[in-house]
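Chemist: Build me a model from this:
(2 chains)
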Amino acid sequence: MAEQRTSTRSGPGVVLVAVYAVLALAATGRSVLQITEYFSRAPVAYLLSALAAVIYIVATVALARGSRTSWRVALAAIAIELVGVLVVGLLSYLLPEAFPDKTVWSHFGSGYGYVPLVLPVLGLWWLRRTRAAVDATV
Amino acid sequence: MRWGRRSRSADRLTGRERPPDNLCGVLYALTVAIFAASAALALAAAFYAWRDRLIDDRLLLVAAILELGVLVQAVVVLLSVGDVGGGGAEKATYAAYGLTLPFIPPAVALLAIKEKTRWAMGVIVAGAFAVAVMTGRLQQIWDLHG
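Modeler: Below is the predicted model of the structure:
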């Protein structure tokens, strides 16, 4: 069961999967609400919100699968997530009028206890830790 | 157990005629109970992690008590969603949180059962924390209406 032990879903990875799942849920809920209730108020911000939700879902599933391909998918998703939270976080301070309503990533995720900012860093660290193991299984 | 801002006898006297007040008290009591249960679950899981123990029936029982709390809360939320103030967004969030919460304890329990290291307890702690935060949000949305 060496593969099980070292895949992205075991050990600390299982906690990451759980936190990602909760955030995916929160982001999806908020984004569905924003788009159905008041999309015209800030289409760009709300589309970014939806993108964030999709990325969280992809990252959750990819980390939970723990195969070699899903490791790469997780890397892509989490890298986009990190860039997203940094860019949207910065823009929400520089151009507040473009973000009249909060999204998961605005203000570096302050509405979610900065979890959206910390999570991709932890995620990338975890992927780095598991890379050797994932490569070795093939 | 406390019954919100209203005393228990007042609730008994007016309970039937004033369902919103009654529900308000029930929701508050549930919030307190769920906070207590999720704190108990998180503390127990932290203790298990410290002792390097895996999930067992005793910990599952605590999770089941929490699950019972969020299930009752889901029913109360459905009954009271019409009385939530604010716009449709608040109502939708209120209902969504109430209905999502019952899925969290079983999901983290399953993840924790499958994981055979002490990290399993980390999942339980994260789940308990999420339940507490979402329950707090529910109460916040409810309190908006006055």
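
Chemist: Could you check how far B:Leu68 is from B:Val133?
Modeler: Computed as CB to CB, to the nearest Å, the B:Leu68 to B:Val133 distance reads 19 Å. C-beta: built from backbone N, CA, C; applies to glycine.

Chemist: what about the chain, any weak spots by pLDDT?
Modeler: All of this is about chain A. Along chain A, segments meeting pLDDT under 70 span A:1-6, A:133-138.

Chemist: sorry, should have said chain B
Modeler: Using pLDDT under 70, chain B drops low at B:1-21, B:145-146.

Chemist: Tell me which stretches of it form helices.
Modeler: B:8-14, B:19-50, B:57-80, B:88-100, B:104-114, B:119-143 (DSSP state H).

Chemist: burial of A:Thr36, as a residue count?
Modeler: 12 (other CB atoms under 10 Å in any protein chain shown).

Chemist: tell me the secondary structure for it?
Modeler: Three-state assignment for A:Thr36 (DSSP: H, G, I helix; E, B strand; the rest coil): helix.

Chemist: Provide a list of residues in contact with it.
Modeler: Shown in contact with A:Thr36 (CB atoms under 8 Å, 6 or more residues apart in numbering or on different chains): no residues.

Chemist: buried ones in stretch A:111-128?
Modeler: Residues of stretch A:111-128 classed as buried: A:111-112, A:115-117, A:119-120, A:122-124, A:126-127 (neighbour count, 16 or more other CB atoms under 10 Å in any protein chain shown).

Chemist: before we move on, what about stretch A:15-32?
Modeler: Buried, per 16+ other CB under 10 Å, within stretch A:15-32: A:15-31.

Chemist: ok, and of the residues you listed, which contact chain B?
Modeler: A:15, A:17-19, A:21-22, A:25, A:29 (CB under 8 Å from any CB of the partner chain).

Chemist: A:Ala98 and A:Val88 touch, don't they?
Modeler: No. Counting by CB atoms under 8 Å, A:Ala98 stays clear of A:Val88, with 9.8 Å between them.

Chemist: what's the helix or strand for the closest residue to A:Ala79 other than its chain neighbours?
Modeler: Distance criterion CB to CB, 6 or more residues apart in numbering or on different chains; nearest residue to A:Ala79, sequence neighbours excluded, is A:Leu124 at 7.2 Å. Using DSSP states H and E, the element containing A:Leu124 is helix A:115-136.

Chemist: May I have that helix as PDB, with CA atoms only?
Modeler: C-alpha atoms of helix A:115-136 as PDB (Å, rounded to 0.1, in the frame of the first residue of the first chain):
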ATOM      1  CA  VAL A 115      -8.000  30.800   4.100                       C
ATOM      2  CA  PRO A 116      -8.100  31.400   0.300                       C
ATOM      3  CA  LEU A 117      -4.600  33.000   0.500                       C
ATOM      4  CA  VAL A 118      -3.000  30.400   2.700                       C
ATOM      5  CA  LEU A 119      -4.600  27.300   1.100                       C
ATOM      6  CA  PRO A 120      -2.800  27.500  -2.300                       C
ATOM      7  CA  VAL A 121       0.600  27.900  -0.600                       C
ATOM      8  CA  LEU A 122      -0.100  24.900   1.500                       C
ATOM      9  CA  GLY A 123      -1.400  23.100  -1.500                       C
ATOM     10  CA  LEU A 124       1.700  23.800  -3.600                       C
ATOM     11  CA  TRP A 125       3.900  22.700  -0.600                       C
ATOM     12  CA  TRP A 126       2.000  19.500  -0.400                       C
ATOM     13  CA  LEU A 127       2.200  18.800  -4.100                       C
ATOM     14  CA  ARG A 128       6.000  19.300  -3.900                       C
ATOM     15  CA  ARG A 129       6.200  16.900  -1.000                       C
ATOM     16  CA  THR A 130       4.200  14.300  -2.900                       C
ATOM     17  CA  ARG A 131       5.900  14.700  -6.300                       C
ATOM     18  CA  ALA A 132       8.700  12.200  -5.700                       C
ATOM     19  CA  ALA A 133       6.300   9.600  -4.400                       C
ATOM     20  CA  VAL A 134       3.900  10.100  -7.300                       C
ATOM     21  CA  ASP A 135       6.700   9.800  -9.800                       C
ATOM     22  CA  ALA A 136       8.000   6.700  -8.200                       C
END
